[in-house]
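Chemist: Take this sequence and fold it.
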Amino acid sequence: MAKTITINLLFFGACREIFNTSEMSINISINSTINDVFIDLKSKYPEIAKFGERLLFAVNEDYADKKQVLVNGDKLAIFPPVSGGAEDDENTDICELTQEEIDSRQLALRIIKPADGAIVTFDGVTRDNNKGRQVLFLEYEAYQPMAIKKMQEIAKEAHNRWPIDKIVLVHRLGRVSISQTSVAIVVTSAHRKPAFEACHFLIDRLKQIVPIWKREFFTDGAVWVDPELQ
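Modeler: Purely as a prediction, here's the structure:
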């Protein structure tokens, strides 16, 4: 009899709805890859095939290739493309997920220092329309431990590329009403140019790799936002 191991599967966004659960444990053959697991899941849940090759995988909160071999106790997260906290102290940035309304001015006050000559702030807010349809509100969900980890990584990358001081990355979860801030980015520096450039980089990178998903609610239903269809 072939030896087996146990792994935990985590599902997010539209994937969670297809599997009708956010988490399950399964037994798989030893030396199975992510692809082996996914082929088996696809045979049982054929609707997942609609994502084609665009699904993303993470093992223990790090992005992973489908060729990766799984070991006992691994947490394998499966999720659609992202639609695009750690508390601060004197020497660290702020990376947070919150259910509360975001006040970017208050965030800036948490990191400003006397040596800073520039504060650049970006607020991404909920608009009331998308492609001619009236949007009532949004809902966000995240793979929270991995999201914080990736936010910290892109903040570090920005520090490596620009002479900036501190960074704030805060994203809402749950329901977000029209005109409320869904994501806020604050960058401080001695001079304005690196702060502007870093802020632009941070929002683009956040939308690319941080596992947060957006659902738009209309008068006639709701949809998960697919970045390829925007």
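Chemist: how near is F12 to I119?
Modeler: Per CB to CB, to the nearest Å, F12 is found 33 Å from I119. Just so you know, the C-beta spots here come from the backbone N, C-alpha and C atoms, and that holds for glycine as well.
Chemist: tell me how far the ends of stretch 136-155 are from each other?
Modeler: By CA to CA, to the nearest Å, the extent of stretch 136-155 from end to end equals 32 Å.
Chemist: Now do it: everything it contacts.
Modeler: 10, 12-13, 58, 61-62, 77, 79, 85-86, 93, 95-97, 126, 167, 169, 171-178, 182, 202, 205-206, 209-219 (CB atoms under 8 Å, 6 or more residues apart in numbering).
Chemist: hmm, try it at 7 Å
Modeler: For stretch 136-155, contacts defined as CB atoms under 7 Å, 6 or more residues apart in numbering pick out 10, 12-13, 58, 61, 77, 79, 85-86, 93, 95, 97, 126, 167, 169, 172-178, 182, 202, 205-206, 209-219.
Chemist: In that stretch, which residues are buried?
Modeler: 137-143, 146-152, 154-155 (16 or more other CB atoms under 10 Å).
Chemist: Tell me if R175 really is in a strand.
Modeler: Yes. Checked against DSSP: H, G, I helix; E, B strand; the rest coil, R175 lies within a strand.
Chemist: For S25, see how far away it is.
Modeler: 30 Å.
Chemist: Where does the prediction get shaky in this protein?
Modeler: Residue ranges of the chain with pLDDT under 70: 1-2, 83-91, 227-230.
Chemist: swap the cut-off to 50 and go again
Modeler: Scanning the chain for pLDDT under 50 picks out the ranges 1, 85-90.
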